[in-house]
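J.: Sequence and computational prediction follow.
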Amino acid sequence: MDVIRLLPDSVANQIAAGEVIQRPSSCLKELVENSLDAGAHSVRVLVRDAGKSLIQVIDDGSGMSVSDARMAFERHATSKIRDAKDLFSLRTMGFRGEALPSICAVAQVKMTTRRTSDEVGTALEIAGSHVLRQEPCQCSVGTSIQVQNLFFNVPARRRFLKSDQTELRNLIATFQHIVLVYPDIAFTFVSDDEIIYDLPVSTLKQRIEGVFGRSKSKLYTAQLLEIEQQTELVTIRGYVGKPETANKQAQQFFFVNGRYMRHPYFHKAVLQAYSGMLPAEQLPPYFIYFEIAPDLIDVNVHPTKTEIKFADEQSIFPILSATVRAALGKFNVVPSIDFLGGNIDMPVSDAQMRANAKAPELHLSSGYNPFSSPKERVTPNWQELYEPLKPQQQQIALPDNDFIETQLHPQAVAGGYIVCVTGDGLMLVHARRAHITILYNQLLTQLQNRHGAGQQLLFPEQLAVSADEQVVLETLLPELKYIGFELEKVAANQYDITALPSVLGNKSAEAALRAILARSAECVTNIGDGIRQRIALTLAQSAAIPMGKSMTEAEMDDMLKLLFALPSHRITPDGKTVVVLLSADEIARRF
Ligand code: ADP
Ligand code: MG
């Protein structure tokens, strides 16, 4: 008996869908790319529940005839190529004729479409590859496709989807990859009735501003340098950030012939151009667009893959690097990195130290104050610090508590260190790191015990966020409340900070929040101890005294008591040394 048979189309389509449509964002990508291929001037995207209930794309493109509307949902039906040789001169986004049949195999799809030349349009309804209805309808020129209940008939795949926040972030990323290529097309993105993006037709620079700029007063794109290079092989244009704009979450985008791509090798070429200009772990933003003959790149890559193979990567590398370098040189960009700014914990220069030395006193916050709190006696356990230093411990007498109370006279030394003479030698404490460690423990306890209040602000500080940041922020809001931040949403992407953690004193709540958002972005889907630790650490770094700030003896005293009352005080939560001990032996050896 023969056992091989052809699969019915609906099954074949579902299998194909597993490849092409993996999540709401892949569906969005296919729909918007179809709109672009259809010559749309305006594309509107609406999603509900991060695309899980609805993804709708409305365009004013060519529209389809009655029979094309039906054909579009057949496998390998495409208007974009006719034979294999067309593959090598491809100028459209799609060509496989796979997207629509895949989507309609795993969702409930409603489409209306009309060409300019037709008086009436066509409405079509398909669910799980079955056509439920097709009839004439009144609709405007162009195409509207609604994809409802993605994976309604494939529960396993539906369960595989991530949280709404993650899927929405994926949708927004996909949308960004497209709109950054087509500034001459208007786009809107509406999520659960909220306008996330409303991007008019503009120049590329304005488009970048529209996507990543937060406020009109501080232009994001003012910090970008234009690059442009035409060679026989490739044309490179776009924007790169000045070195001082480098950060840990920099926006970095490559596009080739109008498609977003990832390219680790070219990324290295860009970084090479910046060599010597960036602090460790900081990356520059860039928006780089390549144009190259279509037959010099492999277009036949998988639709969900963003890596693209170039025939001649080795030749492009130096061209790219030199182009970026030239832009940095032309604008006479000298490295000017503010090591003290934000929360970068780095050594300070002499000049900065002198500037800091002028600051006469330490401004401590009025609410929680690590230096004024426990007057009750803490049991310092810093003696144990010497243990690893002592091969024959029993021979050396440890100072007892009374000794600490009466004999530990901390002295400040230049650069922000505290020195104490102990019975056994010298103890050096890094004041800023000690403060970070103390604040971190305090804040983490607040977060874990789920209580804590902030200091109300008479005049709220304003916080403008990007769409991605807003998603992160909304998820973090309850946690932020426990460390004292209260925010009120006043408009899309716009918040008022009405209360801030008292540990911040007169430091900027906005800067602290931004640092928290940046640090939390990658793990926001899972609110747990990991993210609480990140929040506590980031805020502690924002609130702690800067390196080199002068302190009174009483303040140093309190700081040491609080530090040594902690179970872990030798290193900061992120692993930096807080305390260095020099035993008498060690000192003797040095002489
Ligand atoms: P591909 O884009 O690879 O050709 P799709 O399955 O995405 O395959 O689309 C099939 C066909 O349906 C396209 O080739 C195009 O002719 C038509 N089509 C799809 N979306 C639109 C749209 N928004 N406007 C006009 N035609 C469209
Ligand atoms: Mg397509």
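T.: Here it is on my side, so go on. Ligands and ions are numbered 1, 2, ... in the order given.
J.: how about the residues of the protein near ligand 2?
T.: Among all residues of the chain, those adjacent to ligand 2 (criterion: C-beta under 5 Å from the ion) are 34, 94, 99. Using the backbone N, CA and C atoms, a C-beta is placed for each residue, glycine as well.
J.: a markdown table please, covering these and showing pLDDT.
T.: What follows is the residues of the chain next to ligand 2, written out as a markdown table (pLDDT from 0 to 100):
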| residue | pLDDT |
| --- | --- |
| 34 | 95 |
| 94 | 70 |
| 99 | 91 |
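J.: Nearest to residue 475, out of those: which one, please.
T.: Minimum distance to residue 475 across those is 30.9 Å, recorded for residue 99 (C-beta to C-beta).
J.: Can you give me the distance of the closest one to residue 454?
T.: 49 Å (C-beta to C-beta, to the nearest Å).
J.: And the two? Which one has more around it.
T.: Neighbours per residue (other C-beta atoms under 10 Å) separate residue 99 from residue 454, with residue 99 holding more: 25 against 22.
J.: quick one, phi psi at that one?
T.: For residue 99, the backbone dihedrals are phi -70, psi -60 (criterion: degrees, to the nearest 10).
J.: Surely residue 145 and residue 54 touch.
T.: No. With contacts defined as C-beta atoms under 8 Å, residue 145 does not count as touching residue 54, sitting 10.9 Å away.
J.: Need the distance between the two termini of stretch 503-515.
T.: With C-alpha to C-alpha, to the nearest Å applied, stretch 503-515 spans 16 Å between its terminal residues.
J.: do the same with stretch 458-472
T.: Where stretch 458-472 starts and where it finishes are 26 Å apart, if you go by C-alpha to C-alpha.
J.: still on that earlier bit, just put the residues of the chain next to ligand 2 in CSV and tack on distance to residue 254.
T.: Output for those, formatted as CSV (distance: C-beta to C-beta, whole Å):
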residue, distance to residue 254
34, 23
94, 21
99, 23
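J.: between those, which is closest to ligand 1?
T.: residue 94 (2.3 Å; C-beta to the nearest ligand atom).
J.: how far away is that closest one from residue 288?
T.: Computed as C-beta to C-beta, the residue 94 to residue 288 distance reads 24 Å.
J.: When the two are compared, which one has more neighbours?
T.: In this comparison of residue 94 against residue 288, neighbours counted by other C-beta under 10 Å, the higher total goes to residue 288 at 23 against 20.
J.: Which strand residues bridge the more buried one?
T.: Here residue 288 shows beta-bridge partners residue 238, residue 254, assigned using DSSP bridges.
J.: What's the per-residue pLDDT of it here?
T.: Looking at residue 288, its pLDDT is 98.
J.: What's the separation between it and ligand 2?
T.: 25 Å (C-beta to the ion, to the nearest Å).
J.: Pretty sure that residue sits against residue 319.
T.: No. With contact defined as C-beta under 8 Å, residue 288 and residue 319 do not form a contacting pair (11.6 Å).
J.: Which residues are in contact with each of those two?
T.: With contacts taken as C-beta atoms under 8 Å, 6 or more residues apart in numbering, the residues that reach both residue 288 and residue 319 are residue 236.
J.: can I get the CA coordinates of stretch 151-169 in PDB?
T.: As requested, C-alpha coordinates have been extracted for stretch 151-169 and formatted as PDB (Å, rounded to 0.1, in the frame of the first residue of the first chain):
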ATOM      1  CA  PHE A 151      -2.700  31.500  16.600                       C
ATOM      2  CA  PHE A 152      -6.300  31.100  17.600                       C
ATOM      3  CA  ASN A 153      -6.200  27.600  16.200                       C
ATOM      4  CA  VAL A 154      -2.600  26.700  17.300                       C
ATOM      5  CA  PRO A 155      -2.800  26.900  21.100                       C
ATOM      6  CA  ALA A 156       0.800  25.700  21.500                       C
ATOM      7  CA  ARG A 157       2.100  28.700  19.600                       C
ATOM      8  CA  ARG A 158      -0.200  31.100  21.400                       C
ATOM      9  CA  ARG A 159       1.200  29.900  24.700                       C
ATOM     10  CA  PHE A 160       4.700  30.400  23.300                       C
ATOM     11  CA  LEU A 161       4.100  34.100  23.000                       C
ATOM     12  CA  LYS A 162       5.800  36.400  25.500                       C
ATOM     13  CA  SER A 163       4.200  38.900  27.900                       C
ATOM     14  CA  ASP A 164       2.300  41.800  26.300                       C
ATOM     15  CA  GLN A 165       5.200  44.200  27.200                       C
ATOM     16  CA  THR A 166       7.700  42.100  25.300                       C
ATOM     17  CA  GLU A 167       5.500  41.500  22.300                       C
ATOM     18  CA  LEU A 168       4.700  45.200  22.200                       C
ATOM     19  CA  ARG A 169       8.400  46.100  22.300                       C
END
